[in-house]
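Engineer: structure of the sequence below:
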Amino acid sequence: MGMGVASSGRRRGRRTRRAAMAEINVTPLVDVMLVLLIIFMVTVTLPAVGVPIELPESRANAVEETPTQVNISIGRDGRIFVENEAVPNGAFPDALAAIDRNADGELPTIVLRGDRSINYGRVMAVMGELSRAGFTSITQVTDSSDSAP
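Structural biologist: The predicted model follows:
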């Protein structure tokens, strides 16, 4: 009547020992970094101004953005927006007077965005008001185009 004795994880004469794990699983780190990269790429490509405008096309060179610039948009219906705020009819000169000057006391650069379907006279009227208010540095924004006009 022989009874076996439980070996409790040991073999007779040899010990089984687990080796220390010297590897780091980087898969979760890579997953997190890829998600962060995608979030960064999506947020960077979003337009700086929230006014939906279909810009005209041009082959002009790209202009660098500055933190002190002021975005003025003219919508499809001719409404004027300073940054994302709609300007009531007739109040555009007052909105321009409320724009803060730079630390040097100079007026900031104006970035003018106009929808391609609006009348050219409307764009010129807005530019005339900008000039009258003393804004001499005006940049017009367009979509890029491959073909010459």
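Engineer: name the single longest helix found in this structure.
Structural biologist: If you go by DSSP state H, the chain has its longest helix at helix 27-45.
Engineer: show me what that one is packed against.
Structural biologist: In terms of contacts (3 or more Cβ pairs under 8 Å, 6 or more residues apart in numbering; DSSP states H and E), helix 27-45 is packed against no helix or strand at all. Heads up, the C-betas are built off the backbone N, CA and C, glycines and all.
Engineer: give the other helices and strands that the next helix or strand after it contacts.
Structural biologist: Later in the chain than helix 27-45, the nearest helix or strand by DSSP states H and E is strand 57-58. With contacts defined as 3+ Cβ pairs under 8 Å, 6+ apart, the packing partners of strand 57-58 are strand 143-144.
Engineer: against which helices or strands is the strand it packs on packed?
Structural biologist: Using 3+ Cβ pairs under 8 Å, 6+ apart: strand 143-144 touches strand 57-58.
Engineer: which other helices and strands does the following helix or strand past the strand it packs on contact?
Structural biologist: Per DSSP H and E, strand 57-58 leads on to strand 70-74 as the next helix or strand towards the C-terminus. Applying 3+ Cβ pairs under 8 Å, 6+ apart, one finds that strand 70-74 contacts strand 80-82, strand 110-114, helix 120-132.
Engineer: kindly recompute the last result at 10 Å.
Structural biologist: Secondary-structure packing of strand 70-74 (3 or more Cβ pairs under 10 Å, 6 or more residues apart in numbering; DSSP states H and E): strand 80-82, helix 92-97, strand 110-114, helix 120-132.
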